[in-house]
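Engineer: Next come a sequence and a model predicted from it.
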Amino acid sequence: MSAEKVAFFILSGLTLGGGLAILFSVRLMRAVVYLLVSLFGVAGLYILLNAEFLAALQVLIYIGGITILMVFGLMLTGPGQFVNPAESRLKAVAAGVSSLTTAIVLLLIVKKTKWPAGTQALAGDTTAEIGRLLLTDHVFAFEIASVLLLVVLVGVALFVRLARDGGKP
Amino acid sequence: MVAVEKDVRTDELVINMGPQHPSTHGVLRVVLKTDGEMCLDAQPDIGYLHRCAEKIAENLPYGQFVPYTDRMDYVSGMGCNMGYCMAVEQVAGIQVPERGEWLRVIVTELNRIASHLLAFGTYGLDTGAITPFLYGFRERELVLDLLEMLCGARLTYSYIRIGGVDGDVPPEFMDKLKEFLDIFPKKIREYNKLLTYNHIFMKRTVGVGVLPADVAIAYGVTGPCLRGSGVRQDVRRDEPYSVYPKLEFDVPVGTDEHGPIGDAWNRYYIRIRELEESAKILRQCVKMISPGPVLAEKVGRVKPPAGAEAYTRSENARGELGFYIVSDGTMTPARVKVRAPSFSNISVLPAIVRGQMLADVVAIIGSLDIVLGEIDR
Amino acid sequence: MTAVRTYFSDVFMGLWTALVGMSITLRYLFSKPVTEMYPDVKPRTPTRYRGIHVFEEEKCIGCYVCAKACPVDCIEIGVVRKGKEIKITKFDIDYQKCMFCDLCCEPCPAHCIHMGPEFEKASFTRKGTILQFATPKTLTEEEKKVEKVARK
Amino acid sequence: MSELAAVLPGVLEKAGWSVPGGLVPVLAMFICASIVAAAMGLSAAVLVWAERKLAGHFQCRLGPVYVGGKFGWLQSIADGIKLLLKEDIIPADADRPLFRLAPYLVVLGVFLAFIAFPVSEKLMVADLNIGIFFILAVLTLEVFGVILAGWASNNKWALLGAMRAAAQMVSYEIPMGLAILPVVVEAQSLSLKSIVAAQSGGMLRWYVFQPPFFMGVSFLIFFLAGLASLKRAPFDLPEAESELTAGFHTEYSGMRFSFFFMAEYAGMILVSGLAAALYLGGWHGILPGQSGAMWFLLKTAFLVFVMIWLRWTLPRLRIDQVVYVGWKVLTPFVLACVLGQALMAYK
């Protein structure tokens, strides 16, 4: 077994194990840490695929941004550090239905997509390639994402201002 | 089973600041109610340093209480010595010789410099600048060396005695004092450059903890804190005692040059300007002092007439220090009451802290410049 | 417009005053430190320094005036008086209590107690903080009967 | 690392050890990792001493003088030993696993970042083609550790420190990341090696001195944002000792505390080194033709000195001011720099 394969199994183990641990963890903060482990595994997988830029993005945005925001939110919301899955039957049913649908949709997508069968590594500088693609073929998606983020930003600023000025716009 | 929170909510956080906290300037405890970084309420909780000083005074002969007054405002013990001795002298009808009065003013002003330098340094610490603290202490050491040369102690002087002072100055004292006064203005300019006009420092203190003049007066705030609010009140000028009528000095008050009157920066800056004023007073004292006795003769055992009482006001580094003494005709006073300036000054804290941020609470407490030994006595 | 001006002046002043402050600290980086090397170099205490007492036993007349003047009652004196002969059997000062106020030295009629230059008398035991200034003496039975020990 | 992997088989053969070929890269990895760890620990120790000594002299004091001769050389080693021997206290109500994990995360973040640390052309663990980006990415791990430490301590002061750390981090990651963009635009690469290589040929070719100084301003911004992300004064709010007693590491003691300490100092070297490589020509000397690890270390040392100098001069900002400076001062300025540099590159 080559070193790459060992690394692959370790990393995917981290990813999946982290994901499972999130599911079975009742403490929110620990769940976030497991999420960190899982995301780290994904970043490692990207590196195995020679997509270093994506790996760094994964770490920077998901670990440095998203999880920190999650922790920030947790810290701001008082002492409740536990979740109780059995708290309400309705919620459990709703969660079950929604996760089942998501799973089905994902599986369908996985089945329908034609995965490239090539195993050779991408040649050259992936960073430059990503940049080129983002500003040429996928420029529309790129711009849509930027507009969405801008809307969010302005919206948050508006809400904060409303709260500060006592409800008057 | 673990505890279950029904709902996600943001909470007010009650924080206990002190009694062991780096910037409560002693054993003050402040119960803070905060919402994130915002401070909604602050209740100072005092009494951790209570030593029954007033009750001790009622059980000691008049003269023996002087060392205890050192330990009230331990940063400017001379001022407390002076306040107490003035009260006793008034109640027992003792006249202090002229040179004694001059020396008293010299040592209290020196002590005021030492105290304000400490306030300057610790205020730097409170706002996160550590170096000004050491610079302040460097000059404070010079003052303490002078006082040590004079009375043998660096902090708990008990140099001012009933009827005068304990011994004339040593021969080299006046030269050393002049030397100090020569280098001191340069150092003050340096403090201003390093801290006072530092932009970060000004952003941290200008407009923070604004204490309007009427609120200050209502709470009985005195000293630099009141003057920072723009009220020109100074016992040395309004109700002159000792040789202050012969001296010329300004009473600096807060201005709206850099921000609202009565903010933390103004309170801080008043102290810096009072350093200059004290140095000015000292320069005049060095010139005007004349030889003579320093201690009233035949003070011996102080035994005021029964029923005699006196309240004296004096301007200590922190504000108006009052001593009220009632005599019952014995060797010990019937009642001694101390009006400690820090006590009134800290009482204003809840009124000016609301709506400020957590870091401002520290800046405000620092700008009030309290001494817990005096608050709790 | 003023908002814009304050914005830029804030940015500029922030940087400028930081530089001014840094110039001051840099100057002191190369100046001579003011540290006192205390345990290596003993500080010279001024002549009026109020440290541990100096007691001249041969001068003492055992009058208890110093003990009476002490606000914290930390002086304990034992005297044997036989006619004109005075023997100081005990002169203990409890430095846990003493506040070095100098009030004991002033009223002494024989000028036998002074504040000394010494200040290093830390001890690991409470007993060690009570200094015995009188030379130890063996007393006769008769002397023991007339010995007066008091802390007034 | 690749060089090491290349020469390693020969060395091993000479020593008379036989290692299967597949294990050679792994061995090289381990050797590199231990060298980085040792260098990090040692430089942190030296830096702790230097900071205390400099702080002393800035304040007219002497700093450490006793341990190890006249200048107290061994002070930080002695402190380290003391910290290792101290009792490791975990508060009763702390979240124990997370409390234990946090210091390791902090150290791990800085440690990983050193992989792409460009000391000289040869002295570099790995020349990643996303070098600078990689460093910024793994540094966020440190912040996560800090926040975790504050939260897991179950102490109100620590929690406030962690909240400040989070707010500060989110605000300063952006100007810091954007500040490297002008350099990247100019050098056309994210690899630190090629960025430094593009600045060869004397002091005037350093990016910081390139007119019209878009990169000069972004150097300043990078340095300030770096200070903020390191939690160094005047941005040391997460551990502001006069407000939060000790902030996020209030409850830590002994070895775990020393981990935070080490990470802070290693982080100082990291940010200074990065700034030196990105804007000050890395291993290139002042005159054309000069180069070597010495130059890089000198520049890094100078920037570290400036950090120490700033800390012992300036008061601390307030949290709203920190966020204000991050969003309303540094970000617009750095955006202007990026725009300007991009316009210059667009011909």
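Structural biologist: Cool, the structure landed. Residues are numbered from 1 along each chain as shown, chains lettered A, B, ... in the order given.

Engineer: Can you get me a residue count around B:N59?
Structural biologist: Applying other CB atoms under 10 Å in any protein chain shown, we find 12 residues neighbouring B:N59. Glycine gets a C-beta too; all of them are placed from N, C-alpha and C.

Engineer: Grab the nearest non-local neighbour of it.
Structural biologist: Spatial nearest neighbour of B:N59, chain neighbours left out: B:T332 (6.2 Å); criterion: CB to CB, 6 or more residues apart in numbering or on different chains.

Engineer: per-residue confidence at the one you found?
Structural biologist: The model reports B:T332 with a pLDDT of 87.

Engineer: Over to D:L4?
Structural biologist: The model's pLDDT for D:L4 equals 65.

Engineer: thinking again about what came up before, dump the residue contacts of the residue nearest to B:N59.
Structural biologist: By CB atoms under 8 Å, 6 or more residues apart in numbering or on different chains, the contact set of B:T332 is B:58-62.

Engineer: cool, B:T312 as well?
Structural biologist: Under the criterion of CB under 8 Å, 6+ apart, the neighbours of B:T312 are B:83, B:86-87, B:90, B:241, B:322-323.

Engineer: And for B:S23?
Structural biologist: B:122, B:125-126, B:362, B:365-366, D:242-243.

Engineer: Out of the residues you listed, flag the one nearest to chain A.
Structural biologist: Taking CB to the nearest CB as the measure, chain A sits nearest to D:E243 out of those, at 17.3 Å.

Engineer: element containing that closest one?
Structural biologist: D:E243 belongs to helix D:241-244 when assigned by DSSP states H and E.

Engineer: what about that helix, near chain B?
Structural biologist: Yes: counting by CB under 8 Å from any CB of the partner chain, chain B has neighbours in helix D:241-244: D:241-243.

Engineer: Show me the helices in chain A, by range?
Structural biologist: Secondary structure of chain A (DSSP state H): helices located at A:3-24, A:28-48, A:52-57, A:68-76, A:89-112, A:126-135, A:139-164.

Engineer: Please work out which of these is packed deepest.
Structural biologist: Highest mean neighbour count of the helices of chain A: helix A:52-57, a mean of 22 (counted as mean count of other CB atoms under 10 Å in any protein chain shown).

Engineer: Show me what that one packs onto, helices and strands only.
Structural biologist: helix A:28-48, helix A:126-135, helix D:131-152 (3 or more CB pairs under 8 Å, 6 or more residues apart in numbering or on different chains; DSSP states H and E).

Engineer: Select, out of those helices, the one closest to chain C.
Structural biologist: Short answer: helix D:131-152, nearest of the helices and strands packed on helix A:52-57 by CB to the nearest CB, at 24.5 Å.

Engineer: The closest one near chain B anywhere?
Structural biologist: No: using CB under 8 Å from any CB, helix D:131-152 stays clear of chain B, coming no nearer than 13.5 Å.

Engineer: Close to chain B: what parts of the stretch 151-300 of chain D are there?
Structural biologist: Residues of the stretch 151-300 of chain D lying near chain B by CB under 8 Å from any CB: D:156-157, D:160, D:163-164, D:233-234, D:236-237, D:240-243, D:245.

Engineer: Just want the most central residue of chain A.
Structural biologist: Nearest to the mean C-alpha position of chain A, by CA atoms, centre = their mean, lies A:Y62 at 6.0 Å.
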